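Chemist: coords below, sequence missing:
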């Protein structure tokens, strides 16, 4: 079963706008990661936030983590057409710590030029 | 760093045939993972290795699936007696991890179509 659920399932915006994607999870985690996947390709790691962190930035990406609500958000600022992809959150769950990452079902982002 | 390499890129087979996929991880990575992904879904964990030891296998994984990582280098995933429901993208990933998962590096995947 999937640990993470992304919201929305699909998001369509204009170039230059900000895109926000949310992820909720069920059990305690060590860290939460966001990945990007272009159509038909493998996933690419974007950013990792640990359970004791609340916010992290990387370039145009901003990730927040609220462990009390078991949720995270990914904000992409000043979006570009090249940001069009699927975005997945993945959790390193405490009970299986050191083994697998569990992925959500993803948000399909379309950035229109 | 040549990245994670998966072969073949595409595989079309008939139901009942056996197929084998290969994954070459990043050379210094001690962990290797196999995931399966169907259209519109997130990757689903299948199994993972630390060096040559297979440490975990998904309970959802049929006995028709077997994976090996001889000598802790490349890995193979074999599916015996394929079924149409096995059609999916099979993703391999590697990492160098201590006690907690750090980021995974993914290959481009093998797209399996079972006719």
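Modeler: Arrived safely. Values in this document were obtained by computation on a predicted structure and should not be read as measured data.
Chemist: can you give me the helices in chain A?
Modeler: In chain A, no helices are defined using DSSP state H.
Chemist: where in it is pLDDT low?
Modeler: Chain A contains residues with pLDDT under 70 at A:1-4, A:94-99.
Chemist: same thing but at 80, please
Modeler: Along chain A, the model assigns pLDDT under 80 to residues A:1-4, A:93-99.
Chemist: which parts of it are strands?
Modeler: Along chain A, the stretches classed as strands by DSSP state E are A:5-7, A:10-14, A:19-24, A:29-37, A:43-50, A:55-58, A:61-66, A:71-76, A:85-93, A:102-103, A:107-112.
Chemist: show me what contacts residue 57?
Modeler: No chain was given, so I picked chain A. The contact partners of residue A:57, taken as C-beta atoms under 8 Å, 6 or more residues apart in numbering or on different chains, are residue A:63. Heads up, the C-betas are built off the backbone N, CA and C, glycines and all.
Chemist: wrong chain, I was asking about chain B
Modeler: B:46, B:47, B:67 are the contacts of residue B:57 under C-beta under 8 Å, 6+ apart.
Chemist: where's the last one, which helix or strand?
Modeler: Think residue B:67. For residue B:67, the host element (DSSP states H and E) is strand B:65-68.
Chemist: same check, this time on the second one
Modeler: Per DSSP H and E, residue B:47 falls inside strand B:44-50.
Chemist: contacts for that strand next, please.
Modeler: Strand B:44-50 has contacts (C-beta under 8 Å, 6+ apart) with A:99-103, B:30-38, B:54-58, B:60-61, B:65, B:67, B:69, B:72, B:75, B:77.
Chemist: can you give the distance of that strand from its chain's centre?
Modeler: Strand B:44-50 has its C-alpha centroid displaced from the chain centroid by 7 Å (C-alpha atoms, centre = their mean, to the nearest Å).
Chemist: give the buried residues for it.
Modeler: Across strand B:44-50, burial judged by 16 or more other C-beta atoms under 10 Å in any protein chain shown covers B:44, B:45, B:46, B:47, B:48, B:49, B:50.
Chemist: so what's the nearest residue to residue A:14 once chain neighbours are set aside up against?
Modeler: The shortest distance from residue A:14 to any non-neighbouring residue, by C-beta to C-beta, 6 or more residues apart in numbering or on different chains, is to residue A:112 (5.4 Å). The contact partners of residue A:112, by C-beta under 8 Å, 6+ apart, come to A:12, A:13, A:14, A:15, A:81.
Chemist: out of those, which are buried?
Modeler: Neighbour counting with 16+ other C-beta under 10 Å marks residue A:13 as buried within the contacts of residue A:112.
Chemist: closest to residue A:54 among the contacts of residue A:112?
Modeler: Taking C-beta to C-beta as the measure, residue A:54 lies nearest residue A:13 of the contacts of residue A:112, at 25.6 Å.
Chemist: ok, now how distant is that closest one from residue B:13?
Modeler: 40 Å (C-beta to C-beta, to the nearest Å).
Chemist: residue A:101 now?
Modeler: 29 Å.
Chemist: quick one, which of those two is more surrounded?
Modeler: Counted by other C-beta atoms under 10 Å in any protein chain shown, residue A:101 and residue B:13 do not tie: residue A:101 has more neighbours, with 28 against 16.
Chemist: nearest residue to that one other than its sequence neighbours?
Modeler: Spatial nearest neighbour of residue A:101, excluding adjacent residues (C-beta to C-beta, 6+ apart): residue A:90 at 4.2 Å.
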